[in-house]
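S.K.: Structure for the following, please:
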Amino acid sequence: MTGTPLTYCNPLPLPDYPRGRFSRRDSVGGWLNSGEFHDFRECADPCVIFTGGRWVMYPSCKMAYESCDFVHWRYVEMNITDVGYAPTVVEFRGKFLLTACEAPLYIADNPFGSWRELGYICGIDGKKLTHFFDPMLFADDDGKLYCYWGCGAPGIMGVELDGDNPVQALSREKILFAYNPEHVWERLGEYNEDPSNSYVEGCWMYKKNQRYYMTYSAPGTEYSTYCTGCYVSDAPLGKFIPQQRNPVLKSSSGLIKGAGHGSVVDGPGGTLWIFYTCLAGRDHMFERRVGCDPAGFDGNGEFFTAGTSETPQFAPGINPRPELGNSTGWLPLSVGKFTRAGSQTPGRGSSFAVDNNLRTCYEAAEDDLEMVFEVNLKGKFTIFAFRVIWAETNLSYPDIPPGAWQYVVEASPENEGDDNWKMAFDGSDNQTDLLIDYRGIPETDARRVRLKVVGGPAGMRRGITEFTVFGQGFFPDKENPHGVYASLIS
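M.R.: Numbering: from 1, shown residues only. Here you go, the predicted model:
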């Protein structure tokens, strides 16, 4: 890949994607298909800190991950892996503090533990804080420590904690802000159609130029309309007012949608990044993924983001101002194009692998263990990367667990025939479990691209949720500007 820049793509390709917290047969509610149980994988609510020159992520369901470039992620097993939804970690006085929904507070000497329990955070009355959902720990630069939380009514809450005894609050619980039905994006529903209710949740505090920016999400993580807003204050416990630029992160269509509940974190060179949850939702309302994009502050001091991306982006350190635009310019070439496969099951045809939708999938026949999937790009393109998201339609813990897929991707410059296929990527020896697998490749000219599975998890049906090829097209030849359509207009 000499000369090819380092890139990443959403959803982030985290290895060893965790099992969903509701992915068990005794769980109730949230199932999307007539209440039918189906094992699923889930990663959401990412708390990310930048420490020691790398980003460390603590998502719901399984902690923790680290990366120096958003491209290569490594799972780091800790002595506690899942203490509840929405973990939050803060570096404070040379130590690290961790808690989560309805969870105790933990302390460690480094970001990966070993973690030791301190007890539950209590109010000034000595009683455990109630409705302790979606917490966020914040260390101010004056040495003070704060805790924020809230999910639905009564709103986003906040207290100051005792730095010497962080399980003890120093101030009374205070409602910082709550659902405002005048904010259309906060109204409940897939079309924000229900102004009677909302889940204002997932808060995160970031301080800039002595101002306190609190991001939050609404109306609910199961909706495509889930998005991120921002309130601002001159003090860590308010008064908070909504900034004019709201919502700051919203996408209700495409592959990356329902962007909320995440974290705002620094990067090298003064860059700023927002990590967020995005919706998959094929079998369960909490079936989610994680994304990341640049953020910044405008000339009026308001927080903004570059928006959600689902195409390749430059890795940190390449673009000095990624918040002003970080796209490589490589476009999806395969979406909606002609496909064919060696086999397919009824209702899960090959076209579902290129419909840019995480809720549908292509599935090969049950006995087709060496699945072949092909897409015709309907033109000549230079490809630079691809992303495959595996379907895992019969995932079933512990009998049919997930695992690594072995496969190759080939490209052909011809519109038809089985000659002239060239290896674009050889993953036949892959041993890493990647539910989402994004790869940059040496630039290759192609009209067709095919994926051939040569191995995979034992017992797992072969299938693809989404296969996307990224690249660029060619401008018309001056002597033949209409290309293949010349005969139609001559």
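S.K.: which residues touch the residue nearest to the spatial centre of the chain?
M.R.: For the chain, the residue nearest the mean C-alpha position is residue 290 (1.3 Å; CA atoms, centre = their mean). Listed by CB atoms under 8 Å, 6 or more residues apart in numbering, the contact set of residue 290 reads 11-12, 14, 43-44, 46, 57, 59, 262, 275-278. The C-beta positions use only the backbone N, C-alpha and C, and glycine is treated the same way.
S.K.: 6 Å instead, please
M.R.: Residue 290 makes contact with 12, 43, 46, according to CB atoms under 6 Å, 6 or more residues apart in numbering.
S.K.: what's near enough to touch the last one?
M.R.: Residues touching residue 46, when contacts are defined by CB under 6 Å, 6+ apart, comprise 57, 59, 262, 275, 290.
S.K.: Pairing partners for the helix or strand hosting it, with directions?
M.R.: In this structure, residue 46 sits in strand 44-51 according to DSSP states H and E. Paired with strand 44-51 in the same sheet, following DSSP bridges, are strand 54-60 (antiparallel).
S.K.: And for the closest residue to residue 285 other than its chain neighbours, the neighbour number?
M.R.: Spatial nearest neighbour of residue 285, chain neighbours left out: residue 222 (3.8 Å); criterion: CB to CB, 6 or more residues apart in numbering. Using other CB atoms under 10 Å, residue 222 has 18 other residues around it.
S.K.: thought residue 222 was touching residue 284?
M.R.: No - Residue 222 is beyond contact range of residue 284, at 9.0 Å (criterion: CB atoms under 6 Å).
S.K.: quick check, nearest of the contacts of residue 290 to residue 67?
M.R.: Nearest to residue 67 among the contacts of residue 290 is residue 12, at 8.6 Å by CB to CB.
S.K.: residue contacts, that closest one?
M.R.: residue 290.
S.K.: So it: helix, strand or coil?
M.R.: Classification of residue 12 by DSSP: H, G, I helix; E, B strand; the rest coil places it in coil.
S.K.: so what's it scoring on pLDDT?
M.R.: We have a pLDDT of 98 for residue 12.
S.K.: Over to the one 4 residues further on?
M.R.: If you check residue 16, the pLDDT there is 97.
S.K.: what's around the nearest residue to residue 283 once chain neighbours are set aside, how many residues?
M.R.: Counting by CB to CB, 6+ apart, the nearest residue to residue 283 once its immediate chain neighbours are dropped is residue 38, at 4.1 Å. Other residues near residue 38 come to 18 when the count uses other CB under 10 Å.
S.K.: Also residue 340?
M.R.: Count around residue 340 with other CB under 10 Å applied: 15.
S.K.: I would like the residues contacting the helix or strand it falls within, please.
M.R.: Using DSSP H and E, residue 340 sits in strand 338-341. Residues outside strand 338-341 that contact it (CB under 6 Å, 6+ apart): 350-351, 354, 373-376.
S.K.: The stretch 1-150 of the chain: helices as residue ranges?
M.R.: Counting by DSSP state H, counting those that start in this stretch, the stretch 1-150 of the chain forms no helices at all.
S.K.: Domain parsing of this structure, as residue ranges.
M.R.: 7-324, 331-473 (automatic domain parsing).
S.K.: First-to-last residue distance for the shortest one?
M.R.: The one in question is domain 331-473. 9 Å (CA to CA, to the nearest Å).
S.K.: now that domain, how far from the chain's geometric center?
M.R.: 21 Å (CA atoms, centre = their mean, to the nearest Å).
S.K.: Same check on the longest one?
M.R.: Distance, stretch centre to chain centre, for domain 7-324: 11 Å (CA atoms, centre = their mean).
S.K.: by contact count, what packs against the helix or strand in which residue 228 is found?
M.R.: Residue 228 is part of strand 227-233 when elements are defined by DSSP H and E. Identification of packing neighbours for strand 227-233 by 3 or more CB pairs under 6 Å, 6 or more residues apart in numbering; DSSP states H and E yields strand 211-218.
S.K.: mind redoing it with 7 Å?
M.R.: With contacts taken as 3 or more CB pairs under 7 Å, 6 or more residues apart in numbering; DSSP states H and E, strand 227-233 sits against strand 211-218, strand 241-242.
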